[in-house]
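# got a structure for you, letters missing:
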């Protein structure tokens, strides 16, 4: 019943607010939506003024049949049943912390990071374990520490001296620029997963979704994580 009422409310708001315009209901992982997608959406609106994109936070997969979503931006593998997947970009994470954790040093060794409180990301539970393995270091407590579902929570915890976090730099550009967070080590953790645009097979012929898909894939293609990292470290 609650889902049906939500659907009625959504339809009513759509009729009241769109006045005939085409609307896309997009589920998106929060930090990516806030830090990467939203700053670029004005360009899409300029090119497609008849299409309005509504964003709703979703951190985990769901069944499109149970929702009103037209598409989703999701981080993980491309095997989402009943959908057409379009890869957008990968993800490289770096250890970051508040400036006070560096104690005036330019960076920290992996062994020094291992002595600090490790902040964990709920949807990347093995991140620190994988990072220390890549540094040829066995750390017994690499999967312990407080867990946060969102990168924005992780960043806030790191800024408030609660520990060191593994975060993709493109999600914390402002915090790095303002020196509220600093890069503790330039050793990155590349992910074997990626950000994908997922469109239900029953909606792949939608003209609005096709326009959004083409625009989004072009935006992601033009955006380079190595360039982002170079900018952050400059």
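Okay, I see it. Just so we're clear, the structure is a prediction, and the values are computed from it rather than from any experiment.
# What are the boundaries of the strands in the protein?
Secondary structure of the chain (DSSP state E): strands located at 22-28, 51-57, 71-76, 83-89, 92-97, 118-121, 147-148, 164-167, 182-183, 189-190, 194-200.
# With respect to burial, which of these scores highest?
Ranked by mean neighbour count, those are led by strand 164-167 with a mean of 27 (mean count of other C-beta atoms under 10 Å). All C-beta spots, glycine's among them, are computed from the backbone N, C-alpha and C.
# Any idea how many residues pack against residue 102?
Residue 102: 15 surrounding residues under other C-beta atoms under 10 Å.
# how near is it to residue 128?
18 Å (C-beta to C-beta, to the nearest Å).
# what about the chain, any weak spots by pLDDT?
1-21, 224-234 (pLDDT under 70).
# Apply 90 and report the result again.
1-21, 59-63, 65-66, 76-82, 101-106, 123, 192, 223-234 (pLDDT under 90).
# what residues go with each domain of it?
For the chain, automatic domain parsing gives the domain ranges 2-90+193-227, 92-190.
# Quick one: end-to-end length of the last one, please.
To tie it back to what came earlier, the one meant is domain 92-190. 4 Å (C-alpha to C-alpha, to the nearest Å).
# same question, stretch 62-81
First-to-last residue span, stretch 62-81, C-alpha to C-alpha: 10 Å.
# Only the buried residues of that stretch, if you could.
64, 67, 69-76, 80 (16 or more other C-beta atoms under 10 Å).
# what's the distance between residue 128 and residue 90?
19 Å.
# before we move on, the earlier item: out of the buried residues of stretch 62-81, which is nearest to residue 119?
residue 75 (18.1 Å; C-beta to C-beta).
# For the closest one, which residues are in contact?
29, 32, 91, 123, 193-196 (C-beta atoms under 8 Å, 6 or more residues apart in numbering).
# mind redoing it with 6 Å?
29, 195 (C-beta atoms under 6 Å, 6 or more residues apart in numbering).
# quick one: it and residue 146, what's the gap?
Distance from residue 75 to residue 146, by C-beta to C-beta: 21 Å.
# And for residue 54?
Residue 54 is 32 Å from residue 146, by C-beta to C-beta.
# same check, this time on residue 57
From residue 57 to residue 146 the distance is 21 Å (C-beta to C-beta).
# Also residue 163?
8 Å.
# who has more neighbours, those two?
In terms of neighbours (other C-beta under 10 Å), residue 163 is the more surrounded of residue 163 and residue 146; the figures are 18 against 13.
# For the closest residue to that one other than its chain neighbours, the count of nearby residues, please.
Residue nearest to residue 163 in three dimensions, not counting chain neighbours: residue 117, with 3.3 Å by C-beta to C-beta, 6 or more residues apart in numbering. Close neighbours of residue 117, defined as other C-beta under 10 Å, add up to 17.
# swap in the one 5 residues further on?
By other C-beta under 10 Å, 13 other residues sit near residue 122.
# shouldn't it be in contact with residue 149?
Yes. In this structure, residue 122 is within contact of residue 149 by C-beta atoms under 6 Å, at 4.4 Å.
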